[in-house]
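Asks: Got a predicted structure here, sequence first:
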Amino acid sequence: MLHVLGKNPTSAIQRRFAGLTNYQNGRFQNLGGVKFSPGEAPMGKMLLDFLRKPRTVTPSRPLPTVQTDLHHPATELPTIIWFGHSSYLIQARGLNILVDPVFSGAASPVSFAVKAYAGADAYTVDDLPTIDVLVLTHDHYDHLDYGTVAELRPKVKHVVTPLGVSGHLRAWGYAPEQLTELNWHETTEPVPGVRLTATPAQHMSGRSLKPQRTLWASFVLELDECRLFLGGDSGYGPHFRAIGQQYGPFDVALLENGQYNLSWHAIHCLPEETAQAAQDLGAKLLLPVHWAKFTLAYHPWNEPIRLVLQAADAAGLPVTVPRIGEAYTLGTLPKREAWWAFD
């Protein structure tokens, strides 16, 4: 069981972090001094939320999914296949870039908690091709899944993580030469034609009782043809506009939209903030993620997509909402069939 926790940075590695502007007193920090810890969420309110949660926090029937042949892409153009929550595959010119994969059926250190919705678990590691670059935005269980990354290891050529996160992968058998760690605003080209820059996010990290020992990040992904923003998890803040000014505009922004709670507002966007963040980034298109697979907060399961579409449509921001497993190719018309329109 303990291997699921991974391994936080050693004292020697922590000493290398000393002096970084986003690292103080043994912990990574958000920009602007924004802080959050689970202990700051009022326990009484969380208990009431749990007791009052609507039956619609989970779908009443299996989610509709599409089985796409990931080994034989239909086009060389940049294409995104979303697997629910924050897991997705980006394919372009024969390259495969996988982000935050969780295919074990649970977003938890134990298999019986935070289980995937029926239909949302349609894909497994066996369905995936060889992965040129695995991108991990932070080490929470709904983004870094031990069972998935352990099974993926023979398929993965290179892994890019924020500072400290690669320690988990080394503990799980990944070779040091496979791993690249980045601080915010550092860049790597793990394979020809793929350029990744870590950028700030307003969040936190931790798989144990020692939070913030590893960094969290968003990423700018530059392919020859286009520029994508991979948002990870983040509360709303001025960093979105700053990233847009420095690295944008973006052909598409994949942004967290779901599993929000006012007690967690510092580290998770509300839907209208997701739409605003996409505008701040200068995104031509929004693809909302972090929903439709797990219940981590007690809003109706499809409320995030309904609310973000209202906000985006009012702002004239195009949004694409493919089914789980449905390929979306950049430059084509957004997918807007309301497959989520049921309790």
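Replies: Received it, and whenever you're ready, just let me know what you need. Numbers count the residues shown, from 1 in each chain.

Asks: Which neighbouring elements make contact with the helix or strand where Val149 lies?
Replies: Here Val149 sits within helix 146-152, counting by DSSP states H and E. For helix 146-152, the packing partners by 3 or more CB pairs under 8 Å, 6 or more residues apart in numbering; DSSP states H and E come out as strand 131-135. All C-beta spots, glycine's among them, are computed from the backbone N, C-alpha and C.

Asks: Which elements pack onto the strand it packs on?
Replies: Applying 3+ CB pairs under 8 Å, 6+ apart, one finds that strand 131-135 contacts strand 95-99, helix 146-152, strand 156-162, strand 187-191, strand 194-199.

Asks: so the first one versus strand 156-162, what angle?
Replies: It refers to strand 95-99. For strand 95-99 against strand 156-162, the angle by axes from the mean of the first three to the mean of the last three CA atoms, to 10 degrees is 40 degrees.

Asks: contacts for strand 95-99?
Replies: Outside strand 95-99, the residues that touch it by CB atoms under 8 Å, 6 or more residues apart in numbering are 70, 86-91, 128-137, 152, 156, 191, 193-194, 221, 223, 230, 254.

Asks: Are any of the residues you listed buried, and if so which?
Replies: The neighbour-count test (16 or more other CB atoms under 10 Å) marks 70, 86-91, 128-129, 131-137, 152, 156, 194, 221, 223, 230, 254 as buried among the contacts of strand 95-99.

Asks: For Leu215, which residues are in contact?
Replies: Residues near Leu215 by CB under 8 Å, 6+ apart: Asn22, Phe28, His138, Pro162, Leu163, Gly164, Val165, Asn183, Trp184, Ser205.

Asks: what about the third one, neighbour count?
Replies: With neighbours defined by other CB atoms under 10 Å, the count for His138 comes to 27.

Asks: Tell me the confidence at it?
Replies: Looking at His138, its pLDDT is 98.

Asks: Just to check, it is in contact with Phe219?
Replies: No: using CB atoms under 8 Å, His138 makes no contact with Phe219, being 11.0 Å away.

Asks: Need the residues touching each of those two.
Replies: Common neighbours of His138 and Phe219 (CB under 8 Å, 6+ apart) are Gly232.

Asks: Now do Ala18, the pLDDT please.
Replies: For Ala18, the predicted pLDDT is 93.

Asks: how far out from the middle of the chain is the helix holding Val149?
Replies: In terms of CA atoms, centre = their mean, to the nearest Å, the centre of helix 146-152 is set 16 Å apart from its chain centre.

Asks: Format the CA atom coordinates belonging to it as PDB.
Replies: Taking Å, rounded to 0.1, in the frame of the first residue of the first chain, the C-alpha atoms of helix 146-152 are listed here in PDB:
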ATOM      1  CA  TYR A 146       0.200   4.800  -9.400                       C
ATOM      2  CA  GLY A 147      -1.500   1.900 -11.200                       C
ATOM      3  CA  THR A 148      -1.600   3.700 -14.500                       C
ATOM      4  CA  VAL A 149       1.900   5.100 -14.600                       C
ATOM      5  CA  ALA A 150       3.400   1.900 -13.400                       C
ATOM      6  CA  GLU A 151       1.600  -0.100 -16.100                       C
ATOM      7  CA  LEU A 152       2.500   2.600 -18.700                       C
END
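
Asks: residue ranges with poor pLDDT in the stretch 101-250 of the chain?
Replies: Within the stretch 101-250 of the chain, no range satisfies pLDDT under 70.

Asks: Helices of that one, start to end?
Replies: Listed in chain order, the helices of the stretch 101-250 of the chain (DSSP state H, counting those that start in this stretch) span 146-152, 166-171, 239-247.

Asks: neighbours around Thr68, how many?
Replies: If you count neighbours by other CB under 10 Å, Thr68 ends up with 21.

Asks: Revised request: answer the last question for Pro211.
Replies: For Pro211, the neighbour count with other CB under 10 Å is 17.

Asks: Go ahead and confirm it touches Gly26.
Replies: No: counting by CB under 8 Å, Pro211 does not reach Gly26; the two are 10.8 Å apart.

Asks: Pull up the overlap in contacts between the two.
Replies: Common contacts of Pro211 and Gly26, defined by CB under 8 Å, 6+ apart, are absent altogether.

Asks: List the contacts of Pro271.
Replies: For Pro271, the contact set (CB under 8 Å, 6+ apart) comprises Asn257, Gly258, Tyr260, Glu303, Pro304, Ile305, Leu307, Val308, Gln310, Ala311.

Asks: and Ala113, which of the helices and strands packed on strand 131-135 is closest to it?
Replies: Ala113 lies closest to helix 146-152 among the helices and strands packed on strand 131-135, at 13.7 Å (CB to CB).

Asks: buried sites along that closest one?
Replies: Residues Tyr146, Thr148, Val149, Ala150, Glu151, Leu152 are the ones in helix 146-152 that count as buried (16+ other CB under 10 Å).
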